[in-house]
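Visitor: Attaching a predicted model along with its sequence, questions to come.
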Amino acid sequence: MFLFQIFNMFFAASKKEEESKYDLSLYKPGDLLEVPRTLFTHFGIYLGDNRVAHLIPDILPAMTKDRKTIGKMVTNNRLIMGVITKTASVRVDTVADFAYGSEILINHMDSVCKQVPLDGDEVARRAEKLLGSVTYSLLWYNCEHYVMYCRYGMAISYQTYQFCTAVRKVVCSRMCAYLTAMLGMMGLWYGGCVAPCTMLLTVLLSFTIWMAA
C-alpha cells in the first residue's frame, strides 16, 4: 500500500511537470497545433482552457461505449489497430496529452497554405462540432485533413500529397518499368506456355509504366 502511494505521488508529480512544460498563454482558440511523431506529424485544434481537439485512430470506440475507458490516453496498440480497422475518433485531450512530450508548432501551416484561415472562434466551433467517431483513412481522411478543414475550410493533407508523389516517382520510374518487364519475361520463360492475355497484360503494364516515367 505504501509503495502504491509512492507510485501515485511520483506519477502525479511527473504529470504536473509535463503539463508545466507548455505555456498555455501562447495558445488561443482556433490555433492549429502541430507536433512531430516518429513517422509523421500529428495535428490538433486548440479550443481554449487547456483543451485540444484532434483526430486520432483508435479501435476502442468500436469495442466499448464506456466513455471513461475511451477517454484515457490512446496507447500505441489502440492507435495501430485503429489504423488497420480504419476506426478513429475526434476527441479532446489536454495540451500535454496531445503533445506527448514533443515541442509544439503553432499555426505553422499558415505559411504553407495559401488559403486565409478562418476566424479563431469559427475554427474552434468547427472542431468541436465534429467530435465523435469517424471513419479513418491514412491517405484520404487523417488528422491533417480534419484540422485543415476546421481552419481553412478545405480537407487536404500535404503529408498525403508528398507521400503519393514519392510513391509515384518510384512506381513510375524507368527502373520499375525495366524490373516489371524483366519479371514478366522470367515468368513467361519459366512458366512455359502462357495464355496470350497474360502476355499482353505483361507488355501493357511495362509499357504503361515506361510511358508514365
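Guide: Alright, I've got the coordinates. Residues are numbered from 1 along each chain as shown.
Visitor: moving C-terminal of the helix or strand of the chain with the lowest mean pLDDT, what's the next helix or strand?
Guide: Every helix and strand of the chain was ranked by mean pLDDT, DSSP states H and E. The lowest is helix 2-20, at a mean of 44. Going down the chain from helix 2-20, the next helix or strand is strand 32-36, by DSSP states H and E.
Visitor: helices or strands next to that next one in the packing?
Guide: Packing partners of strand 32-36 (3 or more C-beta pairs under 8 Å, 6 or more residues apart in numbering; DSSP states H and E): strand 41-48, helix 95-99, strand 105-106, helix 143-152. C-beta: built from backbone N, CA, C; applies to glycine.
Visitor: Turn those into CSV, including mean neighbour count, distance to S25 and mean pLDDT.
Guide: Converted to CSV, those look like this (neighbours: other C-beta atoms under 10 Å; distance: least, C-beta to C-beta, whole Å; pLDDT from 0 to 100):
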stretch, mean neighbour count, distance to S25, mean pLDDT
strand 41-48, 23, 12, 96
helix 95-99, 21, 11, 95
strand 105-106, 14, 12, 96
helix 143-152, 23, 21, 96
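Visitor: any idea how the protein splits into domains?
Guide: Domain assignment for the chain by automatic domain parsing gives 17-165, 172-212.
Visitor: weakest of these by average pLDDT?
Guide: Ranked by mean pLDDT, those end with domain 172-212 at the bottom, a mean of 59.
Visitor: quick one: H42 from V147, how far?
Guide: With distances taken as C-beta to C-beta, to the nearest Å, H42 is found 10 Å from V147.
Visitor: shared neighbours of the two, anything?
Guide: Taking C-beta atoms under 8 Å, 6 or more residues apart in numbering as the criterion, H42 and V147 both touch H54.
Visitor: neighbouring contacts of stretch 74-90?
Guide: Counting by C-beta under 8 Å, 6+ apart, 53-62, 70, 127, 130-138, 146 sit against stretch 74-90.
Visitor: deepest of the domains of the chain, which one?
Guide: Most buried of these, by mean neighbour count (mean count of other C-beta atoms under 10 Å): domain 17-165, with a mean of 16.
Visitor: Can you measure across stretch 141-157, start residue to end residue?
Guide: 8 Å (C-alpha to C-alpha, to the nearest Å).
Visitor: contact partners of that stretch?
Guide: 30, 32, 41-45, 54-56, 90, 109, 113, 115-118, 123, 126-127, 130, 134-136, 139, 158-160.
Visitor: how about 6 Å then?
Guide: 32, 42-43, 45, 54-55, 113, 115, 117, 123, 126-127, 159 (C-beta atoms under 6 Å, 6 or more residues apart in numbering).
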